[in-house]
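Student: My questions are about this predicted structure, shown below with the sequence.
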Amino acid sequence: MSHGVTIAGTGSYLPEKILTNHDLSEFVETSDEWIVTRTGIKERRIAAEGENTSHLAAKASLQALEQSGIPAADIELIIVATITPDTFTPATACYVQEQIGASRAVAFDISAACSGFLYAMKIAKRLIESGAFANALIIGAEKLSAFVDWSDRSTCVLFGDGAGAAVLRPSAEGEGKIIATDIGTDGKQTSILSIPGGGSACPTTPQNVGESLATFSMSGREVFKHAVTRMKNSANSVIERAGLQPEDISLVIPHQANLRIIDAIADRLAVPNDRVFVNLHKYGNTSAAAIAIALDEAHREGKIQRGDKIVMVAFGAGLTWASAAIEW
Ligand code: UT7
C-alpha cells in the first residue's frame, strides 16, 4: 500500500568561479551598496566555458543519488527544470541521463522558470503515486550567465549559475512524505519577465545578433509586486491543506530572488526570520536551481531533521508559482 512519496536524497553543485558585486562594479555602473541594499546579493557563481547546464545538473544528481542509496541504474524518471537548456533539443535531461549512467530512465525537461523545481516535484510525485515509475530524479539547473546582457545593470547583477537535485521514491510506513503541493500560472503576465529572443517568435539572425534579444528583459517592480502576492497565496494553500499552523513550520525555503521579497513573505506567513532559509547572498537568483540548492544546503547543514515540516515556495516568469509542504 502506498504511503505517499518521500525525498530520499538531495544534492547540489555550484560552479567554482565567484563574481562579486565589486567585480560587477568594474564593468557596469553599480555598487556593492546598491546591490546589497536592493537585493541582498553579495556574489554569484559563473559556470566555466564548456561547463553546460547538464554538467551542473549531473554533478548535483550524483550527490543526491549517493545520499539516497539508490543507484543511477534504478532511476526510472529524470525531470530537469530549466530555462537555460544545453540545447533546445535534445532535452537537457537526456544529456544528464547519459552523464550519470541512468540508462533506464525516461528523461525530459520542463520550463517553468523559477518555479520549475517545484513543478517537477509535483509531476514526479503524481507519476510515482500512479505507479508509472518508482524512483525519480528531479533537478533544477541553470546557466543563466549565458542569457544575461552584461551591459544591463538592472538585470546582470541579479542572476547566477548552479544546480540542485532530489531523488524521490515511494515512502514506507512511518517515513516522511510530500504532504501537499500547489502550482499555478498567469499567462497574462508573460511580458514582465522574459527572454524575448532566440526562440521561434524571434530567432537570432545575422541582422539582430547585436541586439541582445536572447537575454533577460524584466520590469523589476511589477515582478516584485506579483511575487509577494502569489507566493503568499500559494504557500498558504499548501499550509492549509497540510493542516499546519505557522508555529508547526520548522523551515520555509523560499525562492532566492530578493531578500526584500523573502522578508515580505516571512512576514505575511507569520514565520520568524530565523526559520526562513536564505543563501542568495552567495549565489544570487539561480531560477529553477534556487530552491533545489537551498533544500540541499539546509539539509546538509542540519537545518532539516526527521519529522520536521518544511514549506517551499517559488515564483517566476510565466508568471508561474508553486509550493510544497513536506514532512521530512
Ligand atoms: O526570479 C524572479 C524574478 N525576479 C525577481 O523576483 C525580481 C523582482 N524585482 C526586484 O528584485 C527589484 O525590482 C530589483 C532588485 C530588480 C530592482 O529594485 P527596485 O528597488 O525595484 O529598483 P528600480 O528598478 O525601481 O530602480 C531604482 C533605481 C533606478 O534609477 P532611477 O530611475 O531611480 O534614477 C535604476 O536605474 O536604481 C537604478 N538601478 C541601479 N543602480 C545601481 C537599477 N539597477 C541598478 C544597479 N546599480 N545594478
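Tutor: Nice, thanks for sending it over. Numbering: from 1, shown residues only.

Student: which one is the residue of the chain found nearest the ligand nearest to, not counting chain neighbours?
Tutor: For the chain, the residue closest to the ligand is Gly220, as judged by Cβ to the nearest ligand atom, at 2.8 Å. Any C-beta I mention is one placed from the backbone N, CA and C, and that applies to glycine too. Closest residue in space to Gly220, ignoring its immediate chain neighbours: Ser154 at 6.5 Å, by Cβ to Cβ, 6 or more residues apart in numbering.

Student: The one you found: which element?
Tutor: With elements delineated by DSSP states H and E, Ser154 resides in helix 153-156, which encompasses its position.

Student: buried residues in that helix?
Tutor: Along helix 153-156, these residues count as buried under the neighbour rule (16 or more other Cβ atoms under 10 Å): 153, 155-156.

Student: helix/strand/coil for the residue nearest to Thr320 when sequence neighbours are not counted?
Tutor: Nearest in space to Thr320, with sequence neighbours left out and distances taken as Cβ to Cβ, 6+ apart, is Ser115 at 4.0 Å. On the three-state scheme (DSSP: H, G, I helix; E, B strand; the rest coil), Ser115 is labelled helix.

Student: Surely Phe216 is in contact with Ser145?
Tutor: No. Look at Phe216 against Ser145 with Cβ atoms under 8 Å: they stay out of range, at 10.9 Å.

Student: intersection of neighbour lists for those two?
Tutor: With contacts defined as Cβ atoms under 8 Å, 6 or more residues apart in numbering, the residues shared by Phe216 and Ser145 are Phe159.

Student: circling back to that earlier point, wait, the residue nearest to Gly220 touches Ser219, no?
Tutor: No. Counting by Cβ under 8 Å, Ser154 does not reach Ser219; the two are 9.7 Å apart.

Student: got the contact list for Ser171?
Tutor: The neighbourhood of Ser171, defined by Cβ under 8 Å, 6+ apart, consists of 3-6, 177.

Student: Now, these that are in helices?
Tutor: With DSSP state H as the criterion, helices contain none of those.

Student: Same list, those, but as a markdown table with neighbour count and distance to Thr92 please.
Tutor: Compiled in a markdown table, those are given as follows (neighbours: other Cβ atoms under 10 Å; distance: Cβ to Cβ, whole Å):
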| residue | neighbour count | distance to Thr92 |
| --- | --- | --- |
| His3 | 13 | 32 |
| Gly4 | 16 | 28 |
| Val5 | 24 | 23 |
| Thr6 | 21 | 25 |
| Lys177 | 18 | 28 |
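
Student: Compile the residues you listed into CSV and extend it with columns for pLDDT and distance to the ligand.
Tutor: Converted to CSV, those look like this (pLDDT from 0 to 100; distance: Cβ to the nearest ligand atom, whole Å):
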residue, pLDDT, distance to the ligand
His3, 78, 34
Gly4, 94, 29
Val5, 98, 26
Thr6, 98, 28
Lys177, 97, 28
